[in-house]
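The amino acid sequence is not available; the structure is as follows:
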Ligand code: HEM
């Protein structure tokens, strides 16, 4: 068993451990992490539906101290994902409507085309990132020759979002944030942005004049950073599902089958295993009083396996009636990119399988998980 629910994220099979958490109290205090831990679906939903009292960032530290005042800190500080209240409300609707308005068939075709351009010499573990990030950069309106560089900057930037980042990673994250803001500014200034792109949709919806606010630019960068680890993990975990259950290979021969595998992976073995909330004012959740300053770990991956949430939760069932999942969040901060993420992962999986990967050899060699406190992303050895 893993030592705690954070160590569980990168553990070979964390799900029996999550089952033991669900059998415990609705909110359990973990002294070593100094966090309350929620593992049952109804408790996690209740926490996610209390946005006034529970915030996405600690009140005293809206931007992590290690990046505050740097270009990476500036981007972080504007992201809707990292804000509650007015800063969240100002930009979430435009992002949400732009993503909801995407033609997913066209997005699938574009993502497949971009995925096919990713060089086969690149390692499989890096390819899991390259395919979805470059696809979103393309959908935003970047030219084909810019995609690999945008991907590298984005991977550098995302490294600063982890509490595990090192000093050199923090420095690289800041130069990457600077470069990304400059590139987005140039892209948005190109008149008019390419029709049909996500950028054009966000700009049309925001009805803003040039120059674009730094906050909106940062949130455009945010569309890429939100894609990065989470979608690489969804693609990788879908591949892991195929390796673990050879019967799925027949289903993977059709596009609908690939989508079904990806959707069930998002429930069964989600890439975002947990998220956190910070108590801003006293609140009682499931009978447990929480004090201002407390922090809560919401084990989303455990909720998906809660038998009160999904029938036969441990079975991988590509066709499942009323699949329910919290791995894309819930409530005001719910992920607006869920449908796109599944489309990107399905297109990536299609492109990978077309490369005549030797699935049995891959399974034989095995994989472990990249170090992370919340993202489950396989690394193939
Ligand atoms: C498998 C891939 C993905 C997963 C598992 C995922 C998961 C999540 C989760 C759990 C949250 C909410 C976090 C919280 O409430 O604490 C979130 C928020 C968000 N996601 Fe995703 N996401 C994925 C892909 C994407 C993509 C592709 C985009 C856009 C291109 C996107 C855009 C966003 C944005 C903008 C937010 C912030 C929403 C808000 O705070 O109101 N995500 N995502």
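On my side now, so go ahead. From a predicted model like this one, the values you see are computed outputs, not experimental measurements. Numbering: from 1, shown residues only.

Near the ligand, which residues of this structure? Just list them.
56, 80-81, 92, 95, 99, 136, 222-223, 226-227, 230-231, 234, 271-272, 275, 327-329, 333, 335-337, 340-341 (C-beta under 6 Å from any ligand atom). Placement of C-beta: from N, CA and C, glycine included.

Which pLDDT value goes with the closest residue to the ligand within the chain?
The ligand sits closest to residue 337 of the chain, with a gap of 2.3 Å, by C-beta to the nearest ligand atom. On pLDDT, residue 337 comes in at 98.

Quick check, it in contact with residue 102.
No - judged on C-beta atoms under 8 Å, residue 337 makes no contact with residue 102 at a distance of 9.5 Å.

follow-up on the earlier one: which non-adjacent residue is nearest the residue of the chain closest to the ligand?
residue 99 (5.6 Å; C-beta to C-beta, 6 or more residues apart in numbering).

and if you look at residue 76?
residue 63 (5.3 Å).

so who does the one you found touch?
For residue 63, the contact set (C-beta atoms under 8 Å, 6 or more residues apart in numbering) comprises 57, 73, 76-77, 82.

cutoff 7 Å now
73, 76-77 (C-beta atoms under 7 Å, 6 or more residues apart in numbering).

Restricted to helices, list those.
Members of those lying in helices (criterion: DSSP state H): 73, 76-77.

among these, who's most crowded?
residue 76 (27 neighbours; other C-beta atoms under 10 Å).

Report the contact partners of it.
For residue 76, the contact set (C-beta under 7 Å, 6+ apart) comprises 63, 67, 82.

Repeat the analysis, applying 10 Å as the threshold.
57, 62-64, 67-68, 70, 82-83, 157, 160-161, 173, 177, 218, 221-222, 225 (C-beta atoms under 10 Å, 6 or more residues apart in numbering).

And residue 91, by the same measure?
Applying C-beta under 10 Å, 6+ apart, the residues near residue 91 are 78-80, 83, 202, 206, 213, 215-216, 218-220, 222.

chain center to the strand or helix carrying it, what's the gap?
Element membership for residue 91 (DSSP states H and E) is helix 86-100. Put simply, helix 86-100 sits 17 Å off its chain's centre (C-alpha atoms, centre = their mean, to the nearest Å).

Next, the buried residues of that helix.
For helix 86-100, the neighbour count (16 or more other C-beta atoms under 10 Å) marks 87-88, 90-92, 94-96, 98-99 as buried.

do stretch 170-181 as well
With the criterion 16+ other C-beta under 10 Å, stretch 170-181 contains buried residues 170, 172-174, 176-181.

and of those residues, the nearest to residue 145?
residue 179 (15.5 Å; C-beta to C-beta).

and the closest one, what pLDDT?
97.

Tell me who's in contact with it.
71, 149-150, 152-153, 156-157 are the contacts of residue 179 under C-beta under 10 Å, 6+ apart.

most neighbours, which of the residues you listed?
residue 157 (27 neighbours).

Surely it touches residue 184?
No - applying C-beta atoms under 10 Å, one finds residue 157 not in contact with residue 184, separated by 11.9 Å.

anything in contact with each of those two?
221, 224.

what about residue 347, which helix or strand?
helix 338-353.

now for that helix, which elements pack on it?
Under the contact criterion of 3 or more C-beta pairs under 10 Å, 6 or more residues apart in numbering; DSSP states H and E, the helices and strands touching helix 338-353 comprise helix 86-100, helix 104-117, helix 124-140, helix 214-244, helix 255-268.

Counting by contacts, list what the host helix or strand of residue 21 packs against.
If you go by DSSP H and E, residue 21 is part of helix 15-22. Helix 15-22 is packed against strand 35-38, helix 300-304, with contacts defined by 3+ C-beta pairs under 10 Å, 6+ apart.

Phi first, then psi, for the closest residue to residue 53 other than its chain neighbours.
Nearest residue to residue 53, sequence neighbours excluded (C-beta to C-beta, 6+ apart): residue 283, at 3.7 Å. Backbone geometry at residue 283, expressed as degrees, to the nearest 10, gives phi -150, psi 150.

hang on, residue 283 packs against residue 55?
No - at 11.1 Å, residue 283 does not count as touching residue 55 under the criterion of C-beta under 10 Å.

Which one's more surrounded, these two?
A direct count of neighbours by other C-beta under 10 Å for residue 283 and residue 55 places residue 55 higher, at 22 against 18.

who's the more buried one bridged to?
residue 278 (DSSP bridges).

List the contacts of it.
Contacts of residue 55 by C-beta under 10 Å, 6+ apart are 62, 82-85, 88, 276-281, 333.

possible to save the residues you listed as JSON lines with distance to residue 261 and pLDDT?
Formatted as JSON lines, the contacts of residue 55 follow (distance: C-beta to C-beta, whole Å; pLDDT from 0 to 100):
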{"residue": "62", "distance to residue 261": "39", "pLDDT": "97"}
{"residue": "82", "distance to residue 261": "32", "pLDDT": "98"}
{"residue": "83", "distance to residue 261": "34", "pLDDT": "98"}
{"residue": "84", "distance to residue 261": "35", "pLDDT": "97"}
{"residue": "85", "distance to residue 261": "39", "pLDDT": "95"}
{"residue": "88", "distance to residue 261": "33", "pLDDT": "96"}
{"residue": "276", "distance to residue 261": "29", "pLDDT": "98"}
{"residue": "277", "distance to residue 261": "31", "pLDDT": "98"}
{"residue": "278", "distance to residue 261": "35", "pLDDT": "98"}
{"residue": "279", "distance to residue 261": "38", "pLDDT": "98"}
{"residue": "280", "distance to residue 261": "40", "pLDDT": "97"}
{"residue": "281", "distance to residue 261": "43", "pLDDT": "96"}
{"residue": "333", "distance to residue 261": "27", "pLDDT": "98"}
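
wait, doesn't residue 18 sit right on residue 270?
No - counting by C-beta under 10 Å, residue 18 does not reach residue 270; the two are 11.4 Å apart.
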